[in-house]
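K.L.:
What follows is a protein structure lacking sequence information:
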Ligand SMILES: Nc1ncnc2c1ncn2[C@@H]1O[C@H](COP(=O)(O)OP(=O)(O)OP(=O)(O)O)[C@@H](O)[C@H]1O
């Protein structure tokens, strides 16, 4: 049994990176998978490996093809092109109930007239397992989701979060190799949702089941996933760890979709001997210096510079040795733990800067309509070339 503190999760997860190991075999492989519905392409030549024990998230806007990709893995849809392999075997023609894959939907779809216990036992009974095996498995699953005390209740006697856990127990009862979760926490309020995220992560580690979760909530994906695939219009845009997606987004779409970001357009003017790229950006107080590993940029090339709001500062004096924009404080949003400043540049563009409120009182806080400088260091920014 895994220690259920989040520190233990961190330790387990830090060393878990089979995708970086050339000798590791994926559990699931999508090979150029395409799905067409009459004239529309829902999934467009997706090639993707998912590893055993991985908590994998498909993230993207509504209609980008996340559910269709999962439904093909579950066997509810057949690909129009390409193959899906599980443990090296082609799944083509294998019916859903013969795949070691189970799916948990957002609408928990518990049987209303059955007790919690009977709901969890349902799939096992259908399989014709002996009674004592079923009873032991049901008890194990209810313990796993901490619902033993509620075994005799009917779904309508449970809260949303409790129903969600029963659905999870039911989906896991047959011990699938892969559990597909389609917006599993969509119906929960924010607080319960966050708690349940950590519970779900604990359970996934405890069982070692491969989880593939669909979500359009980027914070949820960042919290839970080992890796995230960002999808747009049926295609994979970037597949990487949450940290890489956030700190090194591949393009504008990813930078914009995951987290808050300021994007300013500019032109490459050259590279310093230190390796910093020089970018001329309209409205900046001097040329920008950006530390970006991209070697392929050319002078004269149009690029975008992306900076997260928490990596910028607001000050009355121009920050020395930093990139800077000058503007006027347009809005201040106080969120308790954070303050958000919206600064209007002279050409009308607005940049957002956030500051963590680490003390309760600030002397002479920056006020509306003040002239201020926004500063950021060369390594706070990334260059987006597409
Ligand atoms: N059975 C179907 N027939 C026709 N078009 C479909 C069918 N299922 C999905 N589509 C279309 O395929 C595209 C992808 O749908 P999909 O449900 O995979 O998106 P999604 O990313 O899961 O969206 P959401 O977050 O809204 O659930 C959409 O344009 C959708 O309208």
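P.N.:
All right, it came through fine. Only a predicted model underlies this, so the values are computations on that prediction, with no experimental measurement involved.

K.L.:
Just give me the longest helix of the protein.
P.N.:
The residue-count maximum for a helix in the chain (DSSP state H) belongs to helix 190-207.

K.L.:
Can you list the buried residues in it?
P.N.:
By neighbour count on 16 or more other Cβ atoms under 10 Å, the buried set for helix 190-207 is 192, 193, 196, 197, 199, 200, 201, 202, 203, 204, 205, 207. (C-beta placed from N, C-alpha, C; glycine too.)

K.L.:
So which residues on the stretch 101-250 of the chain come close to the ligand?
P.N.:
residue 216 (Cβ under 6 Å from any ligand atom).

K.L.:
So residue 214 is in contact with residue 67, correct?
P.N.:
Yes: applying Cβ atoms under 8 Å, one finds residue 214 in contact with residue 67, separated by 6.0 Å.

K.L.:
and the next element down the chain from the longest helix of the chain?
P.N.:
Later in the chain than helix 190-207, the nearest helix or strand by DSSP states H and E is strand 210-215.

K.L.:
What average pLDDT does that following strand get?
P.N.:
Mean per-residue pLDDT for strand 210-215: 94.

K.L.:
Give the other helices and strands that the next helix or strand after that strand contacts.
P.N.:
Using DSSP H and E, the helix or strand that follows strand 210-215 towards the C-terminus is helix 218-224. Packing contacts for helix 218-224, counted by 3 or more Cβ pairs under 8 Å, 6 or more residues apart in numbering; DSSP states H and E, involve strand 55-59, helix 190-207, strand 210-215, helix 242-247.

K.L.:
Skipping adjacent residues, who's closest to residue 231 in space?
P.N.:
residue 60 (3.6 Å; Cβ to Cβ, 6 or more residues apart in numbering).

K.L.:
The ligand versus that neighbour, what's the distance?
P.N.:
Distance of residue 60 to the ligand, computed by Cβ to the nearest ligand atom, to the nearest Å: 6 Å.

K.L.:
can you check residue 104 too?
P.N.:
Applying Cβ to the nearest ligand atom to residue 104 and the ligand gives a distance of 15 Å.

K.L.:
Does that residue have any beta-bridge partners, and if so which?
P.N.:
Residue 104 forms beta bridges with residue 181, as assigned by DSSP bridges.

K.L.:
list the contacts for it?
P.N.:
Residue 104 makes contact with 167, 168, 171, 179, 180, 181, 182, 184 under the criterion Cβ atoms under 8 Å, 6 or more residues apart in numbering.

K.L.:
mind giving me TSV with those and columns for pLDDT and neighbour count?
P.N.:
Below are those laid out as TSV (pLDDT from 0 to 100; neighbours: other Cβ atoms under 10 Å):
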residue	pLDDT	neighbour count
167	90	23
168	89	24
171	90	22
179	95	24
180	95	25
181	92	25
182	88	20
184	83	26
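
K.L.:
Which residue would be the closest one in the stretch 251-386 of the chain to the ligand?
P.N.:
Using Cβ to the nearest ligand atom, the closest approach of the stretch 251-386 of the chain to the ligand is made by residue 257 at 12.5 Å.

K.L.:
List the residues that contact the residue nearest to residue 231.
P.N.:
66, 216, 230, 231, 232, 257.

K.L.:
and what of residue 36?
P.N.:
Residue 36 touches 42, 80, counting by Cβ under 8 Å, 6+ apart.

K.L.:
Which positions are bridged to it in the beta structure?
P.N.:
Counting by DSSP bridges, residue 36 is bridged to residue 41.

K.L.:
Can you get me a residue count around whichever residue of the stretch 101-250 of the chain sits closest to the ligand?
P.N.:
Taking Cβ to the nearest ligand atom, the ligand has its nearest neighbour within the stretch 101-250 of the chain at residue 216, 5.1 Å off. By other Cβ atoms under 10 Å, the residues close to residue 216 number 17.

K.L.:
Correct me if wrong: it contacts residue 58.
P.N.:
No: the pair residue 216 / residue 58 is not scored as a contact, 9.5 Å apart, by Cβ under 8 Å.

K.L.:
and for these two, which residues touch both?
P.N.:
residue 66.

K.L.:
residue ranges with poor pLDDT in the stretch 1-150 of the chain?
P.N.:
Along the stretch 1-150 of the chain, segments meeting pLDDT under 70 span 1-14, 106-108.

K.L.:
In the protein, mark out all the helices, start to finish.
P.N.:
6-14, 66-74, 116-126, 131-144, 160-172, 190-207, 218-224, 242-247, 252-257.

K.L.:
could you dump the ones you listed to JSON lines with distance to residue 98?
P.N.:
Shown next, in JSON lines, are those (distance: least, Cβ to Cβ, whole Å):
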{"stretch": "helix 6-14", "distance to residue 98": "32"}
{"stretch": "helix 66-74", "distance to residue 98": "11"}
{"stretch": "helix 116-126", "distance to residue 98": "13"}
{"stretch": "helix 131-144", "distance to residue 98": "20"}
{"stretch": "helix 160-172", "distance to residue 98": "17"}
{"stretch": "helix 190-207", "distance to residue 98": "21"}
{"stretch": "helix 218-224", "distance to residue 98": "29"}
{"stretch": "helix 242-247", "distance to residue 98": "34"}
{"stretch": "helix 252-257", "distance to residue 98": "36"}
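
K.L.:
just so I know, which of the ones you listed lies nearest residue 375?
P.N.:
For residue 375, the closest of the helices of the chain is helix 242-247, at 19.0 Å, according to Cβ to Cβ.

K.L.:
Quick check, pLDDT for the residue nearest to residue 371 when sequence neighbours are not counted.
P.N.:
Once flanking residues are discounted, residue 371 sits nearest to residue 328: 5.9 Å by Cβ to Cβ, 6+ apart. With respect to pLDDT, residue 328 has a value of 97.
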